[in-house]
Structures are given as C-alpha cells and as structure tokens.
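Novice: Whatever this is, show me its structure:
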Amino acid sequence: MTRHDDQHDTTTTDTPQELQAAHPRTWTPAQRRRSRRKAAFLKALQEHGGITAACLASGVNDATVWRWRKQYPAFDRAVIEFVEGVREQRVVESLYRIATSEDPKTATAAAKAGEFLLKVWNPTKYTEKQRIETTITVNAQVQHVHTVRDTLRAKQQERIRELRTIEG
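Specialist: Purely as a prediction, here's the structure:
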C-alpha cells in the first residue's frame, strides 16, 4: 500500500509492519512496548549524537536497532537522516574552527578537505549544479561532422597532389 507522508511531502511504500503501526488503536502490547523503545532510542540518538551512545542511554541493544532498521524503513530513514545531519554539522563546525585559526595554510587545506568530504557525502546538496542546454539537433551535429570530414579529406587530397607533383 502507498500513503502520503505530509511531513516530508513524499509518497512511500509501507511494509505490513508499518501499516499496522500506523493505527495505534490496533497495536498489541508488544507493539506499544516496541514503539516506546524506538522513541526512546531516537530521543537518545538526538541527545547523544551516535548510535552506540544512544543504545547505551536508551537501554536498547545495538542488534535490536539493526533489526528494526531492516524491518522498518521509516525508522531506518530517521536514523540515517539524523546521523548524516550530525556528521555534516560536525564537519562544518570543524571547518569553521580551522578556517578561523592563525595558520592560513592549515585553514586552506582543511577547507578543501572538508569541502571534498561534504561533496562526497551529499553530492545533491553540496556540489555545483551545471545546466547544459542543447539546441542543436542530432541531424545538425551529424551534418557538421560530415562537413568537417569532407574538408579534411579535401585538404589531404590537395597535399597528396602537391607531393606527387614534387616527386614527378
């Protein structure tokens, strides 16, 4: 089944577990407990910034978190988005500290390295966007190639004739 997610304005395909989880009135006690544990883990993740620290703080085993990430795509997306956001924020903060340091060589090198990392981690957000518009049709391009080829052949034939007249 497909549902519309108003928060992210995307359409997602839900697993049977997520569909049942969408209706809290139909939850079993185990589902309620799991939901509370997932919420506690996500809150701890926000507070501590890392999966291992969040596991320790929330009392959820890391193997359980990995199983939830496999079973519940929405939970996995939440964890990934948060971890990526924390990682990017740490790089940006480090870049700022280094860029405002005393040594200009270190600042320049660190800025380039940080820029590279950000572009690799999230190319859609950090790379330059280039838009190339093509107005030439394929037939016009082929015709241009043929014209250049014919010109080159004519020049080669002229050179061959010149060489023959010199030899002969």
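Novice: Identify the residues contacting Arg161.
Specialist: Under the criterion of C-beta atoms under 8 Å, 6 or more residues apart in numbering, Arg161 has no contact partners. For glycine as for every other residue, the C-beta is placed from the backbone atoms N, C-alpha and C.
Novice: what are the ranges of the helices in the protein?
Specialist: 16-21, 29-48, 51-58, 62-71, 73-99, 104-121, 123-126, 138-167 (DSSP state H).
Novice: Packed most tightly, which of the ones you listed would that be?
Specialist: helix 51-58 (a mean of 17; mean count of other C-beta atoms under 10 Å).
Novice: Remind me what that one packs against, helices and strands.
Specialist: helix 29-48, helix 62-71 (3 or more C-beta pairs under 8 Å, 6 or more residues apart in numbering; DSSP states H and E).
Novice: tell me, which of those helices is the model least confident about?
Specialist: In terms of average pLDDT, helix 29-48 trails the rest of the helices and strands packed on helix 51-58, at a mean of 89.
Novice: relative orientation of it and helix 51-58 in degrees?
Specialist: 120 degrees (axes from the mean of the first three to the mean of the last three C-alpha atoms, to 10 degrees).
Novice: got the angle for helix 29-48 vs helix 62-71?
Specialist: 110 degrees.
Novice: Any idea which of the helices of the chain has the lowest pLDDT on average?
Specialist: helix 16-21 (a mean of 54).
Novice: returning to what we had before: of all the helices and strands packed on helix 51-58, which one is nearest Phe82?
Specialist: Comparing the helices and strands packed on helix 51-58 against Phe82 with C-beta to C-beta, the closest turns out to be helix 29-48 (5.8 Å).
Novice: quick one: the residue nearest in space to the middle of the chain from Glu115, how far?
Specialist: For the chain, Asn122 is the residue whose C-alpha lies nearest the centre (C-alpha atoms, centre = their mean; 3.9 Å). According to C-beta to C-beta, to the nearest Å, Asn122 and Glu115 sit 12 Å apart.
Novice: same deal with Phe82?
Specialist: Taking C-beta to C-beta, one finds Phe82 at 23 Å from Glu115.
Novice: What of Gln157?
Specialist: 53 Å.
Novice: What of Leu152?
Specialist: 43 Å.
Novice: Let me know whether Arg69 touches Arg77 as I believe.
Specialist: No: taking contacts as C-beta atoms under 8 Å, Arg69 lies outside contact range of Arg77: 9.2 Å.
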